[in-house]
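1. Coordinates only, no sequence provided:
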């Protein structure tokens, strides 16, 4: 029994203005697939003459691997409305392109089964996805999506690598919390983000199954459905272990630099002053020695004041400590 027919001329008129390459194909009795008509977009992509290609087979015009796949998929279609999706790469006048192809069964006409092929250029999308994947790999960033309605978690490859889990394995929430050391308020902060639909940023320790420990930062936000209920949490996890180590090393180097400067200042302004006093006393230059003592004490007070301010902000200075002690002593005497 033949499937309901269709008007090829009408179909041609409908797809003539389509921006995506479209081709109507027909199965022949010899098993090959014939090109019935192509739209201008398909002619532009392939460089074919829309009239000359009619009646020729895909084996004559497509690259061998593309032709074999197309013929196989066309023969898989079992009636009007049946669909097969696949991807191909090919050369176009402006370079190599990637396409997603959809084959749609149209039905029988003149004893032959016809199908519509629609190709969508995804070259830029694939390039963008490839660049994003490379960026995430270099930045050690993984992406996740957590369906709050089904509790299903979807991870990118980088997430599996970060957590040290087999790629593609199912992920449960208990698995995640089983390998991380999170701040005490982690769940409260996450629940607040879910309830309010706001973003969050949380740093935590990651204990990998291989024994490695990493530092990671999770960033993301919750999304609500049309009814206002939270439906999904989506975000990223970034490995910042090396970054935190570098920051710690930089802080240690900065503290060492400060201590070195303080030591040099003590040497220049205090120790050298005391040495000068010692020599002056040995030479019985008492007035000069007392003058150096006064200047050395003043330098020592300044250095100690700077040290206190470095550690305590706007804390007390040496004079304040002396006055407080003296005042306490006077009160006891009274």
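-> All right, it came through fine. As the structure is a prediction and not an experimental result, all values here were calculated from the model.
2. drop to CA atoms for contacts and neighbour counts, all remaining ones
-> Will do.
3. and residue 116, that's in a strand?
-> Yes. Assignment of residue 116 by DSSP: H, G, I helix; E, B strand; the rest coil places it within a strand.
4. How about the contacts made by it?
-> Contact partners of residue 116, counting by CA atoms under 8 Å, 6 or more residues apart in numbering, are 22, 23, 24, 25, 103, 104, 105, 106.
5. hmm, 10 Å instead?
-> Applying CA atoms under 10 Å, 6 or more residues apart in numbering, we find residue 116 in contact with 11, 15, 22-26, 36-38, 74, 83, 102-107.
6. same deal with residue 77?
-> With CA under 10 Å, 6+ apart, residue 77 has these contacts: 83, 84, 103, 104, 105, 106, 107, 113, 114, 115.
7. From those, list the buried ones, please.
-> Buried by 16 or more other CA atoms under 10 Å: 83, 84, 103, 104, 105, 106, 107, 113, 114, 115, out of the contacts of residue 77.
8. Next, work out how far apart the first one and residue 65 are.
-> What it means is residue 83. Residue 83 sits 20 Å away from residue 65, taking CA to CA, to the nearest Å as the criterion.
9. Of the contacts of residue 116, which belong to strands?
-> Judged by DSSP state E, strands contain the following of the contacts of residue 116: 22-26, 36-38, 83, 102-107.
10. Run a quick neighbour tally on residue 187.
-> By other CA atoms under 10 Å, 11 other residues sit near residue 187.
11. beta partners for residue 200?
-> residue 220 (DSSP bridges).
12. quick one: it and residue 192 touch, right?
-> Yes. Residue 200 lies in contact with residue 192 (CA atoms under 10 Å); the separation is 9.0 Å.
13. shared neighbours, those two?
-> Common contact partners of residue 200 and residue 192 (CA under 10 Å, 6+ apart): residue 222.
14. Now residue 303: which helix or strand?
-> Using DSSP states H and E, residue 303 sits in helix 286-312.
15. taking the mean pLDDT, what do you get for that helix?
-> Looking at helix 286-312 alone, the average pLDDT works out to 70.
16. Residue 87: what's it in contact with?
-> 66, 69, 98, 99, 100, 101, 102, 119, 120, 121, 122.
17. Excluding chain neighbours, what is closest to the fifth one?
-> Leaving aside its chain neighbours, residue 100 sits nearest to residue 87 (4.5 Å; criterion: CA to CA, 6 or more residues apart in numbering).
18. From residue 149, how far off is the spatially closest residue to residue 116 that is not a sequence neighbour?
-> Leaving out its chain neighbours, the residue that sits closest to residue 116 by CA to CA, 6+ apart is residue 24, at 4.6 Å. Counting by CA to CA, the separation of residue 24 from residue 149 is 42 Å.
19. Check residue 168 too.
-> In terms of CA to CA, residue 168 sits 21 Å off from residue 149.
20. Spell out the residue ranges of the helices in the chain.
-> 8-15, 40-46, 58-61, 64-76, 123-139, 157-163, 173-177, 186-196, 241-266, 272-282, 286-312, 318-333 (DSSP state H).
21. Residue 36 and residue 113: what is the separation?
-> Look at residue 36 and residue 113: by CA to CA, they are 11 Å apart.
22. Return every residue with contacts to both of those two.
-> Common neighbours of residue 36 and residue 113 (CA under 10 Å, 6+ apart) are 25, 26.
23. Now for residue 171, how many residues are close by?
-> When neighbours are counted by other CA under 10 Å, residue 171 comes out with 15.
24. Residue 30 too?
-> Other residues near residue 30 come to 6 when the count uses other CA under 10 Å.
25. Just want the phi and psi numbers for it.
-> The phi and psi values for residue 30, taken as degrees, to the nearest 10, are phi -80, psi 0.
26. and residue 226, how many neighbours does it have?
-> Other residues within reach of residue 226, judged by other CA under 10 Å, total 8.
27. residues in contact with it?
-> If a contact means CA under 10 Å, 6+ apart, then residue 226 has no contacts.
28. Could you check how far it is from residue 255?
-> Counting by CA to CA - residue 226 and residue 255 are separated by 53 Å.
29. now residue 182
-> In terms of CA to CA, residue 182 sits 29 Å off from residue 255.
30. swap in residue 120?
-> With CA to CA as the criterion, residue 120 and residue 255 are 59 Å apart.
31. Contact partners for the closest residue to residue 121 other than its chain neighbours?
-> Nearest non-adjacent residue to residue 121, counting by CA to CA, 6+ apart: residue 99, 4.5 Å away. Applying CA under 10 Å, 6+ apart to residue 99 gives the contacts 21, 86-90, 118-123, 126.
32. and residue 99, what are its bridge partners?
-> If you apply DSSP bridges, the partners that residue 99 bridges to are residue 88, residue 121.
33. what's the answer for the one 4 residues further on, then?
-> In this structure, residue 103 has the following beta-bridge partners (DSSP bridges): residue 84, residue 117.
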